[in-house]
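**Q** A structural model of the following input is requested.
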Amino acid sequence: MKTAIRLLFTTLIFGAASFAGVTVSSPTPGSTSGSPVHFVASASSTHPITGIRIYVDNVSVFLTSASKLDTSLAMTAGTHSVVVQAWDSTGAFFKTPLTLIVSKSSPTPTPTPTPTPAPGLPNPPANAITKSNIDQMPGWASCTVCAGAGANGPVAVFSMVENQASPSMDGKSAKFSISGTHPYSDALWWKQLGAADSATNLKYDVFFYITNPGVAQALEFDNNQSNGSKKFIFGTQCNIKTGGAGHWDVWGNAAGNWISTGIACSAPAAFTWHHLTWEFKRTATSVIYVGFTYDGVTHYVNRTYPARAAGAHELNVAFQMDGDSAMHSYSTWLDKVSLTYW
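**A** Just a heads-up that it's a prediction; the model follows:
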C-alpha cells in the first residue's frame, strides 16, 4: 500500500512520465468478446519491466518478458475475472484487474501460437562432485526464530523425521512439519556438507510432496556457500500467498531482501511428487541465478546480485516452511535430495 501511495504521489507531482503500472488497451473492462480474446497491454516503472503475465480466473495463461504484450487467447464462454500483472527489476509488481464476458461463438477464431519450450539447463561436467540422498544424512540443523525476518521471527512448532517409507520415491524420505500459534512463523532446516571454496557452480535437485498446499505461505529451497571471504546465499522460494498471486522469488544477498522473478508459482498439487532443480553460478563477488526446472518446465532467471562479506568456510543445502496467518499445520516430504558442484 505504501508503494502504491508513493507511486501515485510521484505521478501527481511530476506528471505522467513517472507513471508506474499496467495499461490494458484491449479488451475494455466489462466488454463482451468472442474467443479468442485479443489482449493488448503495456507496463511502465521507474525500473526496467521484467515480465507481464495474464491471469484468467486466478490461473496464469500467458507470460512475456517484454514490457508490452499483444496476443490472442482462447477462452470459454461466460464471465471471467482477468488480471494483467507486471514486475520490474526490483521485484515491485503492478496489476490491472478487469471483468470480461466471452460470448459463445467467435466469427473469426485465431489459433493461439504454441510457445517454444525453453532448452534444458546445462549439464554438469564429468568432474563435478555430487552429494546424493542428503535427506537421509544425519546431523541436520534447524531453527525457527532465525528463519523469520531479520533472523528474529516468531516461534513455530516444527519437526523433522527421516527414513519415511511412505510417501517416498526410494523408501527413505524426510518428513518436515510446522504448526503453532504465532502468525507467519517459519521453520528452517539445513545440512552442512563441508567446505567447497573453489566451486563456482551448484545444481540443487529435490523432489517434494505436500498434503495440504493451500495453507502453506511459502516453501523455500536454498544453497549456501562461504569461501572465507564472501557468503553466497542462493535463496529461492515458491511464494504461494504473498502479493495475491504466487510467484518464484530469489534472495538479493547483500541487500537482504526477496525479489520476485515474475515467474508464477501457485500452490503445488497435493498428494503428488514434484521435481525441482535449480542451477546457480557465482563469481568472486556475486551470485547468479541461472534458472530452474519445475515439473518438467524450464525457466531461465539470469539474475545477478552482490554477495556479502563472511569469514566462514561452508557448503550446505537448506529447506524452509513458512506458516500462514492462522498457522495451519502442514507437512512436506523431501526425497532424493542432491547437490552437484564444480
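**Q** from here on, just use CA atoms for contacts and neighbour counts.
**A** Fine.
**Q** who's the nearest residue to S31 once chain neighbours are set aside bridged to?
**A** Once flanking residues are discounted, S31 sits nearest to L100: 5.7 Å by CA to CA, 6 or more residues apart in numbering. Beta-bridge partners for L100, by DSSP bridges, are H80.
**Q** number of nearby residues for L100?
**A** Look at L100: counted by other CA atoms under 10 Å, it has 20 neighbours.
**Q** please compute how far the one helix or strand V287 maps to lies from its chain's middle.
**A** Using DSSP states H and E, V287 sits in strand 286-294. Taking the mean of its C-alpha atoms, strand 286-294 sits 11 Å from the chain's own mean (CA atoms, centre = their mean, to the nearest Å).
**Q** so who does the residue nearest to V145 when sequence neighbours are not counted touch?
**A** Among residues not flanking V145 along the chain, G153 sits closest, at 4.6 Å (CA to CA, 6+ apart). The neighbourhood of G153, defined by CA atoms under 8 Å, 6 or more residues apart in numbering, consists of 144-147, 185-186.
**Q** what two of the residues you listed have the greatest distance between them?
**A** Spanning the widest gap among these are C146 and S185, at 10.3 Å by CA to CA.
**Q** for the most centrally placed residue in the chain, which non-adjacent residue is spatially closest?
**A** Taking CA atoms, centre = their mean, the centroid of the chain lies closest to W248, which sits 1.2 Å from it. Excluding the flanking residues, the one nearest W248 by CA to CA, 6+ apart is C238, at 4.8 Å.
**Q** give me the element the one you found is part of.
**A** Here C238 sits within strand 230-239, counting by DSSP H and E.
**Q** partner strands of the following helix or strand past that strand, with direction?
**A** Heading C-terminal from strand 230-239, the first helix or strand you meet, by DSSP H and E, is strand 247-251. With DSSP bridges as the test, strand 247-251 is paired with strand 230-239 (antiparallel), strand 258-264 (antiparallel).
**Q** just the mean pLDDT for the first one, thanks.
**A** So that's strand 230-239. The average pLDDT for strand 230-239 rounds to 97.
**Q** and the angle from that strand to strand 286-294?
**A** 30 degrees (axes from the mean of the first three to the mean of the last three CA atoms, to 10 degrees).
**Q** quick one: contacts of strand 230-239?
**A** So strand 230-239 is contacted by 217-226, 246-251, 253, 265-266, 280, 282, 284-287, 289, 307-312 (CA under 8 Å, 6+ apart).
**Q** can you flag the buried ones in these?
**A** Buried members of the contacts of strand 230-239, counted by 16 or more other CA atoms under 10 Å: 217-226, 246-251, 253, 265-266, 280, 282, 286-287, 289, 307-308.
**Q** OK, contacts around K95?
**A** 21-22, 83-86.
**Q** tell me which two in these are the farthest apart.
**A** Maximum pairwise distance among the contacts of K95 (CA to CA): 12.5 Å, between G21 and V83.
**Q** mutual contacts of those two, please.
**A** 95-96.
**Q** mean confidence for the host helix or strand of T50?
**A** Assigned by DSSP H and E, T50 falls within strand 49-56. Averaged over strand 49-56, pLDDT sits at 83.
**Q** chain center to it: distance?
**A** In terms of CA atoms, centre = their mean, the centre of strand 49-56 is found 14 Å from the chain centre.
**Q** restricting to C-alpha, output it in PDB.
**A** Below are the C-alpha coordinates for strand 49-56, written out as PDB (Å, rounded to 0.1, in the frame of the first residue of the first chain):
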ATOM      1  CA  ILE A  49      10.000  -4.200 -16.600                       C
ATOM      2  CA  THR A  50      11.000  -7.800 -16.400                       C
ATOM      3  CA  GLY A  51       7.700  -9.500 -17.300                       C
ATOM      4  CA  ILE A  52       3.900  -9.300 -17.800                       C
ATOM      5  CA  ARG A  53       1.500 -12.100 -17.100                       C
ATOM      6  CA  ILE A  54      -2.200 -12.600 -17.800                       C
ATOM      7  CA  TYR A  55      -4.300 -14.400 -15.200                       C
ATOM      8  CA  VAL A  56      -7.800 -15.700 -16.100                       C
END
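**Q** in its sheet, what does it sit against?
**A** Using DSSP bridges, strand 49-56 pairs in its sheet with strand 59-64 (antiparallel), strand 78-88 (antiparallel).
**Q** buried deepest among the ones you listed, which one?
**A** The highest mean neighbour count among the strands paired with strand 49-56, using mean count of other CA atoms under 10 Å, belongs to strand 78-88: a mean of 21.
**Q** between the strands paired with strand 49-56, which gets nearest to A43?
**A** Checking those against A43 by CA to CA gives strand 78-88 as the closest, at 6.5 Å.
**Q** what about the strands in the stretch 151-300 of the chain?
**A** All strands of the stretch 151-300 of the chain, identified by DSSP state E, counting those that start in this stretch, fall at 157-164, 173-179, 186-192, 201-210, 218-227, 230-239, 247-251, 258-264, 273-282, 286-294, 297-306.
**Q** parallel or antiparallel, which strands does the second one pair with?
**A** Meaning strand 173-179. Sheet pairing for strand 173-179, using DSSP bridges, gives strand 157-164 (antiparallel), strand 330-341 (antiparallel).
**Q** of all those, which one is nearest N123?
**A** strand 330-341 (10.3 Å).
**Q** mean confidence for the closest one?
**A** Mean predicted lDDT for strand 330-341 stands at 98.
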